[in-house]
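> The following block contains a protein sequence and its predicted model.
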Amino acid sequence: MHLSGIPATYLLRNYSIYLFYFFITQSCLSQQDTSFTIYGTIDNSPLQKVYLYRYDKRAIKVDSALIDNTSDTFILKGIASEELHYKIIFEKEGGSINLALKNEDIKIYYRINRHHSSYPRRDLSISNNPSTITLLEWEYTYANYQDSVYQLKQIIDSLKINNLDQKKIQIQEDKLLSTRINMFDYSSSIVRNTSSPVCAELCLIDCIVLMKLFPEISKSEEIENLVEFVKNKFPNTRPIQLALLSYKPLPHKTKEKIKTSFINQNSVLINLPDTVGKLTTSSFKNKYVLLDFWASWCLPCRQQNPHLISIYTKFKNKGFTIYSISIDENKEPWLQAIKQDKINIWTHVIDTRVWKSPYLNSYNITYIPYNFLIDPRGTIIAQDVSEKELDEILDKVLK
């Protein structure tokens with residue numbers, strides 16, 4: 001068959017070639033439309049690597065660059081079809097920087113302040129990214145709240161040790177409760193007012209964690225309202241889908257506890273590499289041990305670390321320690337989280353098999369954070385406890 005003197009097979013062959021190049025071109029354009037580049041300028045940095053990670057149920061390494069003696073700049077690239085949660089992690093000094101990124105290039109200027117490595121935003125400027133600016137402002141304000149909580153808890157512990165007037169203790173405990181309510185309200189206000197799904201994600205998770213750890217703040221109804229609010233405001237966005245994963249276990253927690261209770265059972269001996277690669281067991285003679293399952297990418301886990309520091313500081317000289325098991329896939333964000341959260345004061349190990357870890361399977365763990373309290377005989381005496389519950393138990397057994 002011929003068409004205008006041109007063989008049909010020739011037309012078909014060339015049409016197929018045209019389609020091939022059309023789809024290749026569209027694919028390239030699509031990738032180009034969703035790509036972003038971070039142009040970084042850094043002062044006061046040693047020779048080190050800088051990594052870009054995306055956070056989505058786990059930390060996913062996206063790109064890396066080397067900061068050397070010949071240049072104070074770095075370039076990191078990635079792809080984001082929507083606004084997603086990323087983090088820049090510095091190998092040696094500089095901590096990490098949370099970012100809310102979509103398909104727009106941004107510029108970062110950062111001067112490493114060795115006196116405030118945990119809060120790099122004090123020496124940080126970002127252009128062309130209002131979502132990240134909101135996120136960093138929230139982090140900075142939240143850190144000030146956490147400092148206030150720590151100071152109040154120190155005062156309360158001191159008053160209890162000296163057996164002072166219960167009225168004085170109650171005044172400080174009321175201040176502590178008020179501060180936690182203010183923390184919740186602050187995060188809640190950002191959820192309701194931000195146009196950034198990443199900011200809404202992280203602040204909503206914070207509200208959920210606060211309610212879980214401190215039910216006395218009485219905000220369960222507000223949590224339900226916030227969940228419905230973000231579903232309507234940010235429908236089908238990945239950050240909000242991830243935030244809701246933190247919310248789902250809560251209604252079923254009591255039933256799950258009963259179903260998978262390990263109370264009065266012998267603990268499973270864990271043997272995993274620590275921060276320097278040495279195999280370290282979970283067995284500690286004559287001590288109560290908190291097995292703490294967590295990960296650097298798990299915001300609820302990170303939010304509870306200041307409270308674990310408080311518990312550890314209070315009971316470490318009375319026969320108590322913590323054995324933290326991370327299910328990070330990569331060591332860099334894990335090590336950086338330990339340093340940034342200042343939790344290198346107890347034992348840390350890592351299982352890079354993530355959710356395929358046999359230890360998670362042994363304990364039927366389906367979400368993190370999760371914990372078990374082990375007595376000196378190796379018997380589990382509590383599981384999935386809040387800070388308040390843990391404090392009360394240790395007060396009784398370590399008198």
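Received the coordinates, thanks.
> shouldn't residue 384 be in contact with residue 370?
Yes: assessed by C-beta atoms under 8 Å, residue 384 is found in contact with residue 370 at 5.8 Å. All C-beta atoms are positioned from the backbone trio N, CA, C, and that covers glycine.
> Let me see the ranges of the strands in the stretch 101-250 of the chain.
Using DSSP state E, counting those that start in this stretch, the strands found in the stretch 101-250 of the chain span residues 106-111, 124-127.
> Now do the buried residues in the longest one.
What it means is strand 106-111. 106, 108, 110 (16 or more other C-beta atoms under 10 Å).
> which residues sit against it?
For strand 106-111, the surrounding residues in contact (C-beta atoms under 8 Å, 6 or more residues apart in numbering) are 36, 38-44, 88, 94, 97, 99, 120, 123-129, 132.
> Helices - which of those residues land there?
Cross-referencing the contacts of strand 106-111 against helices under DSSP state H gives residue 132.
> Please list only the buried members of the contacts of strand 106-111.
Among these, those buried by neighbour count (16+ other C-beta under 10 Å) are 36, 38, 40, 42, 88, 94, 97, 99, 120, 123-124, 126, 129, 132.
> I'd like to know which of those residues is nearest to residue 157.
residue 120 (30.5 Å; C-beta to C-beta).
> one step back: of the buried residues of strand 106-111, which one scores lowest on pLDDT?
Looking at these by pLDDT, the weakest one is residue 110, with 92.
> Would you mind measuring from that residue to residue 43?
Distance from residue 110 to residue 43, counting by C-beta to C-beta, to the nearest Å: 7 Å.
> Please apply the same query to residue 264.
57 Å.
> confidence score at the residue most central in space within the chain?
By C-alpha atoms, centre = their mean, the chain has its centre lying nearest to residue 299, at 2.7 Å. Residue 299 carries a pLDDT value of 82.
> Quick check: it touching residue 207?
No: under the criterion of C-beta under 8 Å, residue 299 lies out of contact with residue 207, with a separation of 11.2 Å.
> which stretches of this protein form helices?
8-33, 130-161, 166-193, 197-213, 220-233, 238-247, 253-259, 299-315, 331-340, 358-362, 387-397.
> any idea which of those helices scores lowest on pLDDT?
helix 253-259 (a mean of 44).
> still on that earlier bit, in JSON lines: the strands of the stretch 101-250 of the chain, plus distance to residue 173.
Listed next are these as JSON lines, based on distance: least, C-beta to C-beta, whole Å:
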{"stretch": "strand 106-111", "distance to residue 173": "39"}
{"stretch": "strand 124-127", "distance to residue 173": "36"}
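> Next, count neighbours for the nearest residue to residue 288 once chain neighbours are set aside.
In space, and not counting its chain neighbours, residue 288 is closest to residue 320: 4.8 Å by C-beta to C-beta, 6 or more residues apart in numbering. Neighbour count for residue 320, taken as other C-beta atoms under 10 Å: 21.
> Return the distance of residue 320 relative to residue 284.
Taking C-beta to C-beta, one finds residue 320 at 9 Å from residue 284.
> Select, out of the helices of the chain, the one closest to residue 73.
Nearest of the helices of the chain (C-beta to C-beta): helix 130-161, 18.8 Å.
> Report how many residues lie close to residue 279.
Here the count is done by other C-beta under 10 Å, and residue 279 has 9 residues near it.
> In contact with it: list those residues for me.
271-273 are the contacts of residue 279 under C-beta under 8 Å, 6+ apart.
> One more pass at 10 Å, please.
Counting by C-beta atoms under 10 Å, 6 or more residues apart in numbering, residue 279 touches 271-273, 349.
> just residue 359 next, same as before
Contacts for residue 359 (C-beta under 10 Å, 6+ apart) come out as 268-272, 282, 291, 293, 325, 327, 349, 351, 353, 365.
> Kindly report the same for residue 289.
Shown in contact with residue 289 (C-beta under 10 Å, 6+ apart): 267, 282-283, 319-323, 346-347, 372-376, 378.
> same thing with residue 189?
The contact partners of residue 189, taken as C-beta under 10 Å, 6+ apart, are residue 203.
> Then the one 3 residues further on?
Residue 192 is in contact with 200, 203, 225-226, 229-230, 233, counting by C-beta under 10 Å, 6+ apart.
> still on that earlier bit, compare the strands of the stretch 101-250 of the chain and give me the one nearest residue 175.
Closest approach to residue 175 among the strands of the stretch 101-250 of the chain is made by strand 124-127 (31.5 Å; C-beta to C-beta).
> who does that closest one pair up with?
strand 106-111 (antiparallel) (DSSP bridges).
> still on that earlier bit, just say which of the helices of the chain is most tucked in.
When the helices of the chain are scored by mean count of other C-beta atoms under 10 Å, the highest mean neighbour count falls to helix 197-213 (a mean of 25).
> and the angle from it to helix 387-397?
Counting by axes from the mean of the first three to the mean of the last three C-alpha atoms, to 10 degrees, helix 197-213 lies at 30 degrees to helix 387-397.
> so how far is helix 197-213 from its chain's centroid?
Helix 197-213 has its C-alpha centroid displaced from the chain centroid by 11 Å (C-alpha atoms, centre = their mean, to the nearest Å).
> ok, back up a step: ok, so of the contacts of residue 279, who is nearest residue 303?
Proximity of the contacts of residue 279 to residue 303 (C-beta to C-beta) peaks at residue 349, which lies at 21.1 Å.
> Contact partners for the closest one?
270-275, 278-282, 323-326, 334, 359.
> Name whatever forms a beta bridge with the closest residue to it other than its chain neighbours.
Nearest residue to residue 349, sequence neighbours excluded (C-beta to C-beta, 6+ apart): residue 272, at 3.8 Å. Note on residue 272: beta-bridge partners residue 280, judged by DSSP bridges.
> so residue 272 sits right up against residue 293, yeah?
No: Residue 272 is beyond contact range of residue 293, at 11.6 Å (criterion: C-beta atoms under 10 Å).
> Common neighbours of the two, please.
Residues touching both residue 272 and residue 293 (C-beta under 10 Å, 6+ apart) are 325-326, 351, 357, 359.
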